[in-house]
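Participant: compute the structure for the input listed below.
(one chain, ligands or ions: 2)
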Amino acid sequence: MTELAQWLSQQPVDSELGSVIASMAAAGAEIVDMLEQAPIEGLVGLVGSVNVQGEEQKQLDVISNDIVLKHLRQNPAVSILVSEELDEAVHMENQGAYMVATDPLDGSSNLDVNVTVGTIFSVLRANGGLTQPGTAQLAAGYIAYGPATTLVVTVGSGVAVFTLDKNGAFQMTHENVRVPEASAEYAINTARERFWDAATKGYVAENVAGESGAAGKRYNMRWIGSMVADVHRILMRGGIFLYPLDSETASKGGRLRLLYEANPMAMVMEQAGAAAITGRERILDIVPSGIHQRVPVILGSSEEVRRVEAWYAKG
Ligand code: AHM
Ligand code: MG
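Facilitator: Numbering: from 1, shown residues only. Ligands and ions are numbered 1, 2, ... in the order given. I've put the predicted structure just below:
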């Protein structure tokens with residue numbers, strides 16, 4: 001088996017960039033230790049504060065953020081941290097070459113029901129400024145805390161998957177993962193149908209129509225409501241995930257955040273042969289207007305993403 005450190009040493013990345021990925025992996029191992037004990041320790045529910053996004057923070061969101069911050073502070077290669085849980089970017093007292101953008105605990109509304117959640121991360125050059133497009137990412141990935149703890153990472157040459165073993169080491173369990181181009185599974189929060197635009201309504205209606213619809217095949221709907229879990233399913237067996245711009249999220253630009261949700265997932269998808277768009281443009285091409293910017297997200301199997309894109313092109 002190939003351990004993460006060994007794999008990193010074989011990748012076209014310098015040892016400092018490799019160390020940033022190793023720090024995120026170490027933070028993930030500590031977060032899952034904490035999550036496994038959280039119900040016993042009584043670490044559930046809200047902390048009583050609201051983050052910059054106007055969302056209530058859970059205790060575990062705050063603790064996970066602290067764990068990531070601790071690991072990155074210990075790494076002299078990292079000089080800037082952008083986090084979903086922190087209003088402002090953290091500038092460390094070093095000249096480290098790298099910046100990390102992270103959602104330390106995505107899907108935390110699922111924690112009280114023991115559903116897979118995860119840590120998402122994006123690594124960029126620190127000297128490129130806070131608002132670099134996703135194409136500038138040097139590495140990206142996520143750690144999914146499910147039945148197994150899974151690290152998914154790309155450094156721009158394919159996607160590798162590692163599983164945390166009992167000794168605390170990440171062992172490679174899939175190399176060069178490819179998302180199937182065709183799929184018959186879609187993921188969208190259908191309770192929001194009344195807010196959808198014509199393209200989303202048209203695409204989903206075709207899927208619901210099954211064999212008699214324009215797609216000519218029967219679809220299944222799978223929605224976990226935890227982006228890491230939904231994206232991981234798509235990475236491993238194909239499918240499409242949609243959180244489109246709708247009439248309710250339009251004023252904010254969308255639901256999901258560009259720097260630490262959409263961009264890292266888009267890089268993983270593209271590196272696995274899949275696609276990621278807003279409906280009208282490639283996610284990785286967007287130049288952010290702010291560190292907490294939101295965007296529509298449509299990602300997954302390329303045939304399905306192209307179908308949605310065709311719907312957007314109609315109007
Ligand atoms: P979070 O970062 O506050 O956890 O929000 C992100 C989550 C995603 O994991 C998930 O895809 C989406 O929000 C679910 O949104 P909704 O509750 O509107 O269905
Ligand atoms: Mg999130």
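Participant: end-to-end on stretch 76-92?
Facilitator: End-to-end distance for stretch 76-92, by CA to CA, to the nearest Å: 9 Å.
Participant: right, is that stretch up against ligand 2?
Facilitator: No: counting by CB under 5 Å from the ion, ligand 2 has no neighbours in stretch 76-92; the shortest distance is 5.6 Å. Where C-beta positions appear, they are placed from N, C-alpha and C, glycine not excepted.
Participant: in that stretch, what's buried?
Facilitator: 77, 78, 79, 80, 81, 82, 83, 84, 85, 86, 90, 92 (16 or more other CB atoms under 10 Å).
Participant: next: stretch 248-259.
Facilitator: Here stretch 248-259 shows 249, 253, 254, 255, 256, 257, 258, 259 as buried, counting by 16+ other CB under 10 Å.
Participant: repeat that for stretch 273-292.
Facilitator: Result for stretch 273-292 [16+ other CB under 10 Å]: buried residues 273-279, 282-284, 286, 288, 291-292.
Participant: just these: which are in strands?
Facilitator: 275, 276, 277 (DSSP state E).
Participant: considering only these, which also neighbour ligand 1?
Facilitator: The subset of these within reach of ligand 1, by CB under 6 Å from any ligand atom, is empty.
Participant: from the buried residues of stretch 248-259, which is closest to residue 71?
Facilitator: residue 259 (18.8 Å; CB to CB).
Participant: was I right to think that closest one contacts residue 121?
Facilitator: No: using CB atoms under 8 Å, residue 259 is not in contact with residue 121, being 10.5 Å away.
Participant: please enumerate the shared neighbours of these two.
Facilitator: residue 101 (CB atoms under 8 Å, 6 or more residues apart in numbering).
Participant: give me the neighbour count for residue 209.
Facilitator: 14 (other CB atoms under 10 Å).
Participant: just checking, which helix or strand of this protein averages the lowest pLDDT?
Facilitator: strand 46-50 (a mean of 63; mean pLDDT, DSSP states H and E).
Participant: ok, what's across the strand from whichever residue of the chain sits closest to ligand 2?
Facilitator: Closest approach between the chain and ligand 2, counting by CB to the ion: residue 106, at 3.5 Å. Residues in a beta bridge with residue 106, per DSSP bridges, are residue 118.
Participant: ok, the buried residues of stretch 273-292 vs residue 233, which is closest?
Facilitator: residue 274 (12.3 Å).
Participant: OK, contacts around that closest one?
Facilitator: So residue 274 contacts 179, 234, 235, 299, 300, 301, 302, 305 (CB under 8 Å, 6+ apart).
Participant: narrow those residues to those in strands?
Facilitator: Residues of the contacts of residue 274 located in strands (DSSP E): 299, 300.
Participant: weed out the non-buried ones from the contacts of residue 274.
Facilitator: By 16+ other CB under 10 Å, these give 179, 234, 235, 299, 300, 301, 302, 305 as buried.
Participant: make CSV out of the residues you listed and add pLDDT and distance to ligand 1.
Facilitator: Formatted as CSV, those follow (pLDDT from 0 to 100; distance: CB to the nearest ligand atom, whole Å):
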residue, pLDDT, distance to ligand 1
179, 98, 18
234, 98, 12
235, 98, 15
299, 99, 11
300, 98, 13
301, 98, 17
302, 98, 21
305, 98, 17
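Participant: looking at these, which one is closest to residue 159?
Facilitator: Closest to residue 159, out of all of the buried ones among the contacts of residue 274 and judged by CB to CB, is residue 235, at 7.1 Å.
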